[in-house]
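Trainee: return atomic coordinates for the entry below.
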Amino acid sequence: MDLAKHIDRPIVLVGLMGVGKSTVGRRLAKRLGLPFIDSDAAIEDAAGLSAAEVFERYGEQDYRDGERRLVARLVAEGDVRVISTGGGAYIHPDTRELLNERAITIWLDAPVDILTERTLRRDTRAELRNGDRKETLERLANEWRQSYKQAHIHVKSGAGAHREVVEAILGRLDDYLSRQA
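Mentor: A predicted model of the protein is given here:
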C-alpha cells in the first residue's frame, strides 16, 4: 500500500512533553511527503512570544483556550498534513472529540524517566520550571493517560532513534488504514 495516497485527513501527534512529537512529526511528514505544523510554534508565531512566555504571561487557562482554537482551526481546514500538538491539547474533551472525528490521532508514549531526561535539554516548558520535573511528569502521565488512550493509534517510544519511532508509526498507520478500508 502506498500509504500517503490513502491518508485523507490530518495526522495529529499527541502525548506528553518531551516524547518527541515535533521531531518525530517533522520526520514522519517528510517520509509521507506531507506538510508539517507544530502547534506550539504556530502559537509562538501568532503571539510573538515563546510558548512558555505565553503560558506564564497569560496563564494556563488562556494558553489552553488559544491552543484549542488553533488546533480546531488546523483540523477544520481539512488539509492532509502532520500536526504535533502541545502535551495538554488532547486532554480537553471537546478537542479530543474533534481530533478523533476529523483526524488520525497517534499517541506517542515514553517512560517518565526518558521524558525527564529529554525535557532537561531545553527549559522551554513552563509547566516544568517549578518543582520536581520528574514528579510533575509522573503526575501528568497519570492524570492524562486515560485521555491519551482514546487516540486511534498508540506508539511506544523509548531511548532509541526517532527513525525507529517513525517506522513504528508507519507500520501502525498502515494497519489502521487497512482496517478502515
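
Trainee: relative to residue 86, how far out is the residue nearest to residue 76 when sequence neighbours are not counted?
Mentor: The shortest distance from residue 76 to any non-neighbouring residue, by C-beta to C-beta, 6 or more residues apart in numbering, is to residue 102 (7.2 Å). Any C-beta I mention is one placed from the backbone N, CA and C, and that applies to glycine too. Residue 102 is 18 Å from residue 86, where distance means C-beta to C-beta, to the nearest Å.

Trainee: try residue 167
Mentor: Between residue 167 and residue 86 the distance is 25 Å, computed by C-beta to C-beta.

Trainee: comparing those two, which residue is more hemmed in?
Mentor: residue 86 (24 against 15; other C-beta atoms under 10 Å).

Trainee: that one contacts residue 39, doesn't it?
Mentor: Yes - the pair residue 86 / residue 39 is scored as a contact, 5.9 Å apart, by C-beta atoms under 8 Å.

Trainee: okay, and the common contacts of these two?
Mentor: Common contacts of residue 86 and residue 39, defined by C-beta atoms under 8 Å, 6 or more residues apart in numbering, comprise residue 67.

Trainee: how far away is residue 7 from residue 80?
Mentor: Applying C-beta to C-beta, the value for residue 7 to residue 80 is 6 Å.

Trainee: now swap in residue 110 and tell me
Mentor: 27 Å.

Trainee: what do you get for residue 55?
Mentor: 30 Å.

Trainee: more crowded one of those two?
Mentor: Neighbour comparison, residue 55 and residue 80: the larger count goes to residue 55, with 22 against 15 (by other C-beta under 10 Å).

Trainee: returning to what we had before: who touches both of residue 7 and residue 80?
Mentor: residue 34.

Trainee: let me see the mean pLDDT of the helix or strand containing residue 169.
Mentor: Element membership of residue 169 [criterion: DSSP states H and E] is helix 162-180. Mean pLDDT, helix 162-180: 94.

Trainee: so which elements touch it?
Mentor: With contacts taken as 3 or more C-beta pairs under 8 Å, 6 or more residues apart in numbering; DSSP states H and E, helix 162-180 sits against helix 21-32, strand 104-109, strand 153-156.

Trainee: which other residues reach it?
Mentor: Taking C-beta under 8 Å, 6+ apart as the rule, helix 162-180 contacts 1, 3, 6-7, 11, 20, 23-24, 27-28, 31, 104, 106, 108, 152-157.
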